[in-house]
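A.B. asks: Got a sequence here, can you model it:
(2 chains)
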Amino acid sequence: MSNNSFTYSEQSGGGEAAELGQEATATISPAGALGLFSSDLKKNEDLKQMLESNKDSAKLDAMKRIVGMIARGKNASELFPAVVKNVASKNIEIKKLVYVYLVRYAEEQQDLALLSISTFQRALKDPNQLIRASALRVLSSIRVPIIVPIMMLAIKEASADLSPYVRKNAAHAIQKLYSLDPEQKEMLIEVIEKLLKDKSTLVAGSVVMAFEEVCPDRIDLIHKNYRKLCNLLVDVEEWGQVVIIHMLTRYARTQFVSPWEEYAGLEHNEKNFYESDDEQKEKTDQRKKPYIMDPDHRLLIRNTKPLLQSRNAAVVMAVAQLYWHISPKSEAGIISKSLVRLLRSNREVQYIVLQNIATMSIQRKGMFEPYLKSFYVRSTDPTMIKTLKLEILTNLANEANISTLLREFQTYVKSQDKQFAAATIQTIGRCATNISEVTDTCLNGLVCLLSNRDEIVVAESVVVIKKLLQMQPAQHGEIIKHMAKLLDSITVPVARASILWLIGENCERVPKIAPDVLRKMAKSFTSEDDLVKLQILNLGAKLYLTNSKQTKLLTQYILNLGKYDQSYDIRDRTRFIRQLIVPNEKSGALSKYAKKIFLAQKPAPLLESPFKDRDHFQLGTLSHTLNIKASGYLELSDWPEVAPDPSVRNVEVIELAKEWTPGDKAKEENPAKKFYSESEEEEDSSDSSSDSESESESESGEDSMDSSEDSSEESSSEQNSESGSATEAEDKAPTKRSSETRGKSDSEDGKKKNKKSKTSDSSNAESSSVEESSSESESESESESESRKVTKEKEKKLKQDRTSLTKDVSLLDLDDFNPISTPVALPTPVLSPSLIADLEGLNLSASSSVITVSTPVFVPMKTHVLLHRMSGKGLDAHYFFPRQPCIFGDKMVSVQITLKNTSDRKIENIHIGGKKLPIGMQMHTFNPIDSLEPEESITVSMGIDFCDSTQMATFQLCTKDDCFSVNIQPPIGELLLPVAMSEKDFKKEQGMLTGMNETSATVITAPQNFTPSVILRKVVNVANVGAVPSSQDKIHRFAAKTVHSGSLMLVTVELKEGSTAQLIINTEKTVIGSILLRELKPVLSQG
Amino acid sequence: MIHSLFLINCSGDIFLEKHWKSVVSQSVCDYFFEAQEKAADVENVPPVISTPHHYLISIYRDKLFFVSVIQTEVPPLFVIEFLHRVADTFQDYFGECSEAAIKDNVVIVYELLEEMLDNGFPLATESNILKELIKPPTILRSVVNSITGSSNVGDTLPTGQLSNIPWRRAGVKYTNNEAYFDVVEEIDAIIDKSGSTVFAEIQGVIDACIKLSGMPDLSLSFMNPRLLDDVSFHPCIRFKRWESERVLSFIPPDGNFRLISYRVSSQNLVAIPVYVKHSISFKENSSCGRFDITIGPKQNMGKTIEGITVTVHMPKVVLNMNLTPTQGSYTFDPVTKILTWDVGKITPQKLPSLKGLVNLQSGAPKPEENPSLNIQFKIQQLAISGLKVNRLDMYGEKYKPFKGVKYVTKAGKFQVRT
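C.D. replies: As a prediction, this is how the structure comes out:
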C-alpha cells in the first residue's frame, strides 16, 4: 500500500488534490468509525469540512484550530488525510501550518505521510533558496523510515547547494537522518566532511553540531578545518559558537601538549624514565626545552577571547571552560571577571555559573578572590543560590579575608531562612578546620550559637562542634560540659546523638558528668530516635569499660532495653556489645581488646567541599551540573605527552615546501592537492590576521614597494611566530627566500607586469562578479574556478609563490562571508605592533607607543564633480570623501557619491560598468540602483583602495541606455586616516623617520594666520589628520596614517620669528609626503 | 539538543507543548512537579532535574515555567539562555509573556517555535529576522486578516538571515529618523547595620531604540570610556574598534535592543545616594515591638531622588503593624508578611519617616534577626558612575537623524541590613 500510494503520487501531477481526496476517504473509514466513539466527533467533522472547502480562509481557520489542539497536546491524528491534502496549498500560512501538523503526526501515519513526499521533492528543486531550505527541513523532520534513501539523496544535493542557508539546513538534516537510521553513518560522515570545508559562517555551527552528534570521534576531520573554524568563530551566530568552542576544547586536549606548570611535565618524564633510550633522550630534551606553545593552540585561545564579551551567557561560559581547560594557568584569570558579570543575570544562569565557579574556586582560589564581595548573600536570593554562594565563599576563605568573612557569616546565621543558617554553620566549621588561626574563634562563636533559640541552628552547631572537637580533643572539657547540659532541651536526633558520642569519647575527661548523662538517657531510652539509641548503647559500653563501678548496672539495664527494641539494628547492636564487653565464659579473645576497640583513636573527619569531585567533568556541561555522567557526555582526554604531528592542520606550508623540492614527483601531485588546499590556504592567510594583510598590501602597492619592504619583512616574521604554519626551521627558509623573491620581482617588475596584471585582472573580475550577483554563493563557485586558474599560473612561476599568496588574500577579501559581515574585524589598524600584542592577550608594555585611529577632526563638505549633468544626459554625479574608515575593507578610502536626476524622465538601472584601475587598486562598488525619478537624488557609498597613490580610478557609470566614463582622483589628504597619539610617541616616531623620510619647507605669511585655530583649520581642511596635543605653543603637530599601508604621516608646523614657519613632514612614504607638503604650503601661506 | 518544550502555569497545568523530535509524553513533567513540590518556593525549583530517561531544564519567567526536555549532554546554559530568548520573543511579540497572551496567540507561538529551533538546534533567534518571517499581531492586522483572510506569515522572504548583517532587516524606511539611547544604571548594594557599605557596584545598560532608514553605520563615543571595565556587547558591535579606540561602532538592528551592558566594579567607590536610619526592636516576652525608619538623601549630586519604595519582609511572628508615615502610604500584608512603603520624592527639608508599633503573635519567641530593608529609588538625568555619552555619528546614510540620550539611575538589589 505504501509503495503504491507513493509511486502513485509521484505520477500524479496536476489533478493530485482530487485524487488524493478519494484516497484519503478510502483509508479514513476505519478512523472515522473509531471517531464515532470519541466525544469531539462533531467538532472534528466540521474541521474536516472546513479543510475540504474551497475557501482559503476556512482552511486557514481549520488549520489554526488544529494547531491549537496540537499545542494543548490533544490528539488530532484522525484529521491526517484531510490535512495532508493541503500540503500543496498556495497560501503560505496554510502550507506552514500543514507542515507543523505533518511533522507532528507523520510518524504515526506513515503510509499517508508518503503522499506528501512528492511535494517536497518538487520544492527541493525550487529556484528560491528559502523554499528549498524549508522543504528539506520538513522532509527530514518526517520520521518515516521508508524515505531514508530520499532523505539521503536530498541531503547530498543540498550540501552542494549554492545557498549557504540551504547548506545549513542540510547540516541539520544530517542529525535527523542519523537518529532515524544510524546505518547511514558512513555516508553521512562524507557529507559532514564536505560541509566542514564550507567557508560560510552560517554553516559552521550547524555542521559542527552534526559532527558532534554523528561522529565525535573522527577528530581527523577537524584538522584541516581547525584554523578556519578558529578564525570564523567570532562571526558565527552565538549558538554555533557554543558548540564549536566545546568541540575545539576537546580537540585541543588531544592535539597539543599541556601548557600547564612544569611539574606536570616532569611527572610524565619520570614515568617514562625506563623507556627505550631514544625516547628517553627525546624526553630529556623536551624537559630542557622551555615550553613553547603551538601557534595553533595560541590561535584558539586568542580568537576566543573577544567572545568573553558576548551577551549570551552560554558563549561566555563556553569560553570560560575553554580557558580553564586548555589555556596556560596564568592566562585563565581573565575569565573570572566575565563570569562574575553573569551573576547579575537570571537565577537559572546564576545557578549554573555559581556551580562552575565553585568547582574552579577549589582548585584556583586566586582567580576569584578579588571578587569575593560579589558572592555576598542577599536575603532575597533563593536558597539554592545562597548555598552556592556560601560554598564559594568557603572556598575563597584564607587567613587574610577570614575575619571579614566571619563577620559576614554572623549575619547569615541569623537569617530567617533556617536551612541557609544551618549551611552557614557548616561553613564556619569548614573554615575553622581549613584555617588553623581561626579555629578557636570559630569554636567560640559556635558555642555561642548553642544558646540560640532556633533548634535547627543549635543542632547544626552541635554537629559541627563535634567534628571540630574531634580534631583537637583535650582542653575542651568546658565545651563538653556545656553541651551535656543541652541534652535536656535539644530534641533534634542528630544533635543529641552527636552530644552523646562526644561525651562517650571524652568520658574520662568528664568523669562526673558522663554517668549522669547515661542515667538520664536510660530513663528516656524507649522514646528516643534510633540514631540516639545507638549512641546511648555506645556511651554505655564506653562507660562500662572505663568506669564500670558506677555504670555497670545502668549499662546492663540499657542493654536489656535494647534487647527488646523494635528495630533489629538496635537489637543487633545490643547483642554485639553485650558479647564484647560483658565478660562471660563464652566470650572469646576479642573481649580482651574491647577497650581498644571502643576507645580507639579515631581519625578526625575531613570537612570537604561537595564540589571536590566534580572537577573530572568538563566545566559548563550538563554532567558537571548534575555530577553524573549524562548520556552522550564526551570525556575530555588528558593532554598528550608528545603533541601529534602539528602539520596535519597545516596545508599552506606543506604546499610551499613541495613547490621548492626539486623532485618532479611533488609537482605531479600538485594539481590535485591544490584543489583541496586552496580554500584552506585562503583561510589561513586571512586568519594570520592583520599582519599578513599588511604584507600583501605593501606588495601590491606599486610605488610603495621599496619603502615597505622592511615592514613587510618584519610582519612576515611575525607571522611565523604567531600564526606560523610549521615548525620554525621549516618556516624560516621560505621567508628568507620569499624576501629574496620579492627583491627580484621588484627589479623584474617591468617584465612581470604583464603576468601580474593578468592575474590581478582575474581577481578583479571575480570581485565584481561577487558583488554584482545577488546570490553570493554562485560567484563563490565561480571564484573557486577562477582561483584555480590563478593557482595554475602560480605553478608556472614557482618562485612567485609569495605573490600568489597575496592574490589568495585578495580573493579572500571578496569571499562571501568576509567583507561586511565581519563587523568586529573591520577597521583593523594594521600599523602598530602594540595592537598585535593586544591581540595576543599580552599586556601593553609601558614603553610601546599606542597609536590608534581616531575620528576625523573635521570633514570638509567640499564635493567634486564626477559627472556633469550636461555630459551625463541629465544624470548628475558628485562625490565627496566622508573621511570615515571604509566599511568595505580597511585598506579602502570611503567615497560617497550623490547621484541626481536632473532630466525630466526616469533614469533606470544605474550601476558601475567596466573599471580601468591601475594595478593593485581595488574598488568596492555600490549596488545597482533600479531607478531614479526626476529631481530625485540618492547617495551611495563605495570603497576604493587607491594603494596610497594619487592615480585616478577610472570606471564607467552606466545607466540603462548610456555609459559614461568617469574618474575619481583622490586629493592626497584623503588618503590618510587620522591617528591619536601622545606627544611623546609622536617625538619618538619622528625620531625614527629622519633623513630621507623627512621633507620640509618654509612658509611665509602674516602673523595673524599663525594662531593655533587657524593652523588647525587649514591643515585639517587639506588633509585628514589628527591633532596631537602639544606642550609648546609654537609647535603644532598632526598625525595620520596612510589608509592602504598604514605608514605614519607626521606633520609639524613650527612657528619661527616674524612671519615664517617651518613645515616638516616625516613619513616613510616620501612621495606622498612631498605631495602633501606641496599642497599644504600654499594653503598655510594664504591669508 | 532540545527535544521538547512544555509551558506550565503556576497551578501546574501544562497548557502548551511542542516537540522538535519525536513526541515525549506529558508524564515526563511529573518529575518536575515532584521537584517543585519539594522546593516549596517557585524560586527554589532546581533548573536542572535528572529523570531516568531525560533531563529537564527549566526556567521560571513571569509566573510561567518553561520546561525543556533534553536527552543527551548539552551545556545547560545553552538551553537556559535559549529559553529566556524564547520568553523575550513572546514578550516582544505580545507585549507580555503571560499564559493568556500565549493561549490567545497559540498559532503565532507555534510558528515562532518552529522557526526558532530546528531539530533542537536554534535557527533564527534574532527578533529582526523573526519579525520578517512572522509578523507580530496588531489590532489592525488582526482585523484586516479576519476580513481578507490574509495571513500573518510574511510572504516576502527574509533577507536578514542570508545577509551579512543577520541582525538587521533590509529596506527599513522611516519618515522620522530617530536614535535614542537610554543609559540605565542600577546600584547593587548591601549596607550593614551601622550604615557602612558592605558591597556596592554599578550595573549599567545602554538600551537603544533606533528607527533609522537604510543601513546606517553608527559610532557612539563616550567622554570617559575607561569607566567601563567589564562590558558585554550586542553582536552588532565591532569588538576590535572598541578594543583599539573605545568607540562603539555598529550597524544597529531595527527597533529596540540592548546595545551593551556593563559593570563598574566595586573597586571604584560607588556613591550611595540615600541613607536609612532605622530602629526596629522586638521586646522580649511581650507581644509588641517598635518600628521606626527614616530615609534621607546623601550625595545626590543635586538631583531629586524619586520613586522611593521600601519593602520589608517581616518575620513570621509579626501579626500586624500600626504605623504612621509622614509621607506616602504603606501597606502590610499579614499573609505574606510584606510591608511596602511607597514614599515618593525626598524633600531634604522634611525627611520621610515611618513609625509605629508591631503586633507580634503572643507566646512565640521574639525574632532574633531584624528584617532587611529593600529599597527602590530612581534619579533622573544622572548616571551615577559618571558615564557620559560624547557623541553619536552616523555614516553610510545621508539624512540627519534625531538623536537623544537619557540617563537614569535606579536602585538595583539595594539592601539595608538592620
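A.B. asks: secondary structure class for residue A:456?
C.D. replies: Recorded secondary structure, residue A:456: helix (DSSP: H, G, I helix; E, B strand; the rest coil).
A.B. asks: so who does the residue nearest to it when sequence neighbours are not counted touch?
C.D. replies: For residue A:456, ignoring the flanking residues on the chain, the nearest one in space by CB to CB, 6 or more residues apart in numbering or on different chains is residue A:418 at 4.8 Å. (Glycine included, C-beta is placed from N, CA and C.) By CB atoms under 8 Å, 6 or more residues apart in numbering or on different chains, the residues touching residue A:418 are A:454, A:456-457.
A.B. asks: ok, and the most crowded of these?
C.D. replies: Neighbour counts for these, by other CB atoms under 10 Å in any protein chain shown, peak at residue A:457, which reaches 21 neighbours.
A.B. asks: Quick check: chain neighbours aside, which residue is closest to it?
C.D. replies: residue A:421 (5.4 Å).
A.B. asks: What about contact with chain B: does stretch A:133-149 have any residue there?
C.D. replies: Yes: judged by CB under 8 Å from any CB of the partner chain, stretch A:133-149 comes into contact with chain B through A:137, A:140-141, A:143.
A.B. asks: Determine how far that stretch lies from the middle of the whole chain.
C.D. replies: From the chain centre to the centre of stretch A:133-149 is a distance of 31 Å (CA atoms, centre = their mean, to the nearest Å).
A.B. asks: Can you name the residues in contact with that stretch?
C.D. replies: For stretch A:133-149, the external contacting residues (CB under 8 Å, 6+ apart) are A:2, A:6, A:99, A:102-103, A:106-107, A:110, A:113-114, A:116-117, A:120-121, A:123-124, A:126, A:150-151, A:154-155, A:158, A:163, A:165-166, A:168-170, A:172-173, A:176-177, A:180-181, A:184, B:22, B:118-119.
A.B. asks: now, among the contacts of residue A:418, which is nearest to residue A:556?
C.D. replies: Within the contacts of residue A:418, proximity to residue A:556 (CB to CB) peaks at residue A:456, which comes in at 35.8 Å.
A.B. asks: That closest one against residue A:490, yeah?
C.D. replies: No: in this structure, residue A:456 is not within contact of residue A:490 by CB atoms under 8 Å, at 10.6 Å.
A.B. asks: what's near enough to touch the residue nearest the centre of chain A?
C.D. replies: Centrality entry for chain A: nearest residue to the mean C-alpha point is residue A:241, 4.5 Å, by CA atoms, centre = their mean. For residue A:241, the set of contacting residues under the criterion of CB under 8 Å, 6+ apart consists of A:205, A:233, A:307, A:310, A:312, A:315, A:318.
A.B. asks: neighbours of the last one, just the number please.
C.D. replies: A count of neighbours around residue A:318, defined by other CB under 10 Å, yields 29.
A.B. asks: Doesn't it lie inside a helix?
C.D. replies: Yes: the assignment for residue A:318 by three-state DSSP puts it in a helix.
A.B. asks: So for it, what's the pLDDT?
C.D. replies: Looking at residue A:318, its pLDDT stands at 94.
A.B. asks: thought it was touching residue A:618?
C.D. replies: No: between residue A:318 and residue A:618 there is no contact under CB under 8 Å: 10.5 Å.
A.B. asks: tell me, what's touching these two both at once?
C.D. replies: Common neighbours of residue A:318 and residue A:618 (CB under 8 Å, 6+ apart) are residue A:246.
A.B. asks: Can you classify residue A:1054 as helix, strand or coil?
C.D. replies: For residue A:1054, the secondary structure call by three-state DSSP comes out as strand.
A.B. asks: give me phi/psi at residue 366?
C.D. replies: Using chain A. phi -60, psi -30 (degrees, to the nearest 10).
A.B. asks: Can you look at chain B instead?
C.D. replies: phi -70, psi 150.
A.B. asks: of all the residues in the stretch 551-700 of chain A, which ones are close to chain B?
C.D. replies: Counting by CB under 8 Å from any CB, the residues of the stretch 551-700 of chain A near chain B are A:620-623, A:625-626, A:628, A:630-634.
A.B. asks: Low-confidence bits of the chain, can you list those?
C.D. replies: No chain specified, so I'll use chain A. Low-confidence segments of chain A (pLDDT under 70): A:1-43, A:261-290, A:472-475, A:584-588, A:607, A:650-857, A:1087.
A.B. asks: my question was about chain B
C.D. replies: Counting by pLDDT under 70, the low-confidence segments of chain B come to B:138-164, B:265-268, B:299-301.
A.B. asks: Break it down into its domains, please.
C.D. replies: With domains defined by the TED database, chain B comprises B:2-148, B:178-270+B:384-416, B:274-380.
A.B. asks: can you tell which of the ones you listed is closest to residue A:1002?
C.D. replies: Of the domains of chain B, the one closest to residue A:1002 (CB to CB) turns out to be domain B:178-270+B:384-416, at 35.6 Å.
A.B. asks: Please compute how far that closest one lies from its chain's middle.
C.D. replies: The chain centroid and the centroid of domain B:178-270+B:384-416 are separated by 16 Å under CA atoms, centre = their mean.
A.B. asks: cool, and stretch A:149-161?
C.D. replies: 30 Å.
A.B. asks: Same question for it: list its buried residues.
C.D. replies: Buried positions in stretch A:149-161, judged by neighbour count with 16 or more other CB atoms under 10 Å in any protein chain shown: A:150-152, A:154-155, A:158-159, A:161.
A.B. asks: What segments of chain B are helices?
C.D. replies: Remark: helices of chain B, listed N- to C-terminal, are B:29-39, B:76-94, B:99-104, B:106-116, B:127-133, B:139-148, B:239-245; assignment by DSSP state H.
A.B. asks: can you check the stretch 151-300 of chain A too?
C.D. replies: Taking DSSP state H, counting those that start in this stretch as the criterion, the stretch 151-300 of chain A carries its helices at A:164-180, A:185-196, A:201-214, A:220-223, A:226-232, A:238-255, A:262-271, A:277-288, A:295-304.
A.B. asks: quick one: the longest one to helix A:164-180, angle?
C.D. replies: Helix A:238-255 runs at 60 degrees relative to helix A:164-180, counting by axes from the mean of the first three to the mean of the last three CA atoms, to 10 degrees.
A.B. asks: do the same with the second one
C.D. replies: The directions of helix A:185-196 and helix A:164-180 differ by 160 degrees, with the same axes, to 10 degrees as the criterion.
A.B. asks: which residues touch helix A:185-196?
C.D. replies: Outside helix A:185-196, the residues within contact range by CB under 8 Å, 6+ apart are A:152, A:155-156, A:159-160, A:167, A:170-171, A:174, A:177-178, A:203, A:207-208, A:210-211, A:214-215, A:218, A:221-222, A:224-225.
A.B. asks: among those residues, which ones are buried?
C.D. replies: Taking 16+ other CB under 10 Å as the criterion, what is buried in these is A:152, A:155, A:159, A:167, A:170-171, A:174, A:177-178, A:203, A:207-208, A:210-211, A:214-215, A:222, A:224-225.
A.B. asks: ok, back up a step: quick one: which of the residues of stretch A:133-149 next to chain B has the most company?
C.D. replies: Looking at the residues of stretch A:133-149 next to chain B with neighbours defined as other CB under 10 Å, the largest count falls to residue A:140 at 27 neighbours.
A.B. asks: got the helices of chain B as CSV, with mean neighbour count columns?
C.D. replies: Written out in CSV, the entries for the helices of chain B read as follows (neighbours: other CB atoms under 10 Å in any protein chain shown):
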stretch, mean neighbour count
helix B:29-39, 16
helix B:76-94, 23
helix B:99-104, 16
helix B:106-116, 22
helix B:127-133, 21
helix B:139-148, 11
helix B:239-245, 21
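A.B. asks: Right, I'll leave it there.
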